[in-house]
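Asker: okay, predicted coordinates and the sequence, questions at the end:
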Amino acid sequence: MSLDPVFVLPGDHIDPDLIPSHPKKPLRLGPGLRHVPPNDVLPTLAGQFVIDRPKNAIRVENSEGRYVPRAGELVIGTIHKSATDVYYVLLSDYTAPVLLPQLSFESATKKTRPILAAGASVYARVSLANKHMDAELECVNSSTGKADGLGPLTGGMLFNISLGMARRLMMPKSVQDGKVVVLEELGTLGLQFETATGRNGRFWVDSENTKTIIAVGRAVQETDEKKLGVEDQKKMVRKIIKELS
């Protein structure tokens, strides 16, 4: 079976060979799909048909659509306000806040929990996503009690990117499978920075040099907006390095 991306339009026929089957797990339909009895599955969105075989799940991802929280995904949220035991966190514009318990941080107690003001950024994992309940986040690995890189993002800047670009950046092999070389090229040519990507279309960059932060963020946005291929990304990076030197 081809490993090339499969794109679908609403109402398209989906090849049965693409639909995973598991002897014990039921098939899970994610966003952008609906079941038409007896055996058909039809897309309701235009986008990439994504198969998650370990979970026996399928979904359609629309790069420009609104982010829908899914359990286990990493996101970058903005603190909207705080209540007694939770923070209300915004994951995208024009959507309801999700909940972040104030004790869902490494070693947090009522005395040591972080105090986050409105507008602060956090890197978190979606711990609960249910259409009948408010989604919840956590900034700690519930199995180990460790932060594992999650928590408040101090300094740096946030940039908006498409959901499709976020998915590509977060691939285990983003250069090979996502065809995103811009960050690797910028690092290879001498820029020092750190990044975090949220599945909700948020990209965070930090560096000791403000010009570097802006250059890296805009390079990723330009790669996204102009749909630059690998060679065009490399050309853009060389231009950026020349302008910064």
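Answerer: Good, I have the coordinates.
Asker: and for the spatially most central residue of the chain, nearest residue in space, chain neighbours not counted?
Answerer: In the chain, the residue lying closest to the centroid (C-alpha atoms, centre = their mean) is residue 199, at 1.0 Å. Counting by C-beta to C-beta, 6 or more residues apart in numbering, the nearest residue to residue 199 once its immediate chain neighbours are dropped is residue 73, at 4.3 Å. For the C-beta atoms, the positions are set from N, CA and C on the backbone; glycine is no exception.
Asker: my read is residue 166 is in a strand, agree?
Answerer: No: secondary structure of residue 166 (DSSP: H, G, I helix; E, B strand; the rest coil): helix, not part of a strand.
Asker: that one: neighbouring residues, count only.
Answerer: 26 (other C-beta atoms under 10 Å).
Asker: give me every residue that touches it.
Answerer: Residues in contact with residue 166 (C-beta atoms under 8 Å, 6 or more residues apart in numbering) are 197, 198, 199, 200, 201, 202, 203.
Asker: do that again at 6 Å, thanks
Answerer: By C-beta atoms under 6 Å, 6 or more residues apart in numbering, the contact list for residue 166 reads 197, 199, 201.
Asker: quickly name whichever of the residues you listed is closest to residue 244.
Answerer: Nearest to residue 244 among the contacts of residue 166: residue 197, at 22.5 Å, using C-beta to C-beta.
Asker: pretty sure the closest one contacts residue 170?
Answerer: Yes: if you go by C-beta atoms under 6 Å, residue 197 and residue 170 touch, sitting 5.3 Å apart.
Asker: name the residues of the helix or strand where residue 75 lies that are buried.
Answerer: Residue 75 is part of strand 74-82 when elements are defined by DSSP states H and E. Neighbour counts over strand 74-82 (16 or more other C-beta atoms under 10 Å) mark 74, 75, 76, 77, 78, 79, 82 as buried.
Asker: give me the contacts around that strand.
Answerer: 87-91, 97, 116, 118, 120-125, 198-200, 202, 204.
Asker: restricted to strands, list those residues.
Answerer: 87, 88, 89, 90, 121, 122, 123, 124, 125, 198, 202, 204 (DSSP state E).
Asker: if you rank these by neighbours, which is first?
Answerer: Highest count within the ones in strands among the contacts of strand 74-82 by other C-beta under 10 Å belongs to residue 124, 28 neighbours.
Asker: touching, that one and residue 137? I think so.
Answerer: Yes: in this structure residue 124 lies within contact range of residue 137 using C-beta under 6 Å: 3.9 Å.
Asker: helices along this structure, start to end?
Answerer: Assigned by DSSP state H, the helices in the chain fall at 163-169, 182-188, 210-225, 230-244.
Asker: identify each buried residue in the last one, please.
Answerer: Right, helix 230-244. Those would be 233, 234, 236, 237, 240, 241, for helix 230-244 by 16+ other C-beta under 10 Å.
Asker: leaving out sequence neighbours, find the closest residue to the last one.
Answerer: The spatially closest residue to residue 241, leaving aside those adjacent along the chain, is residue 189, at 4.9 Å (C-beta to C-beta, 6+ apart).
Asker: how many other residues sit next to that neighbour?
Answerer: Residues near residue 189, counting by other C-beta under 10 Å: 15.
Asker: so how far is residue 12 from it?
Answerer: 42 Å (C-beta to C-beta, to the nearest Å).
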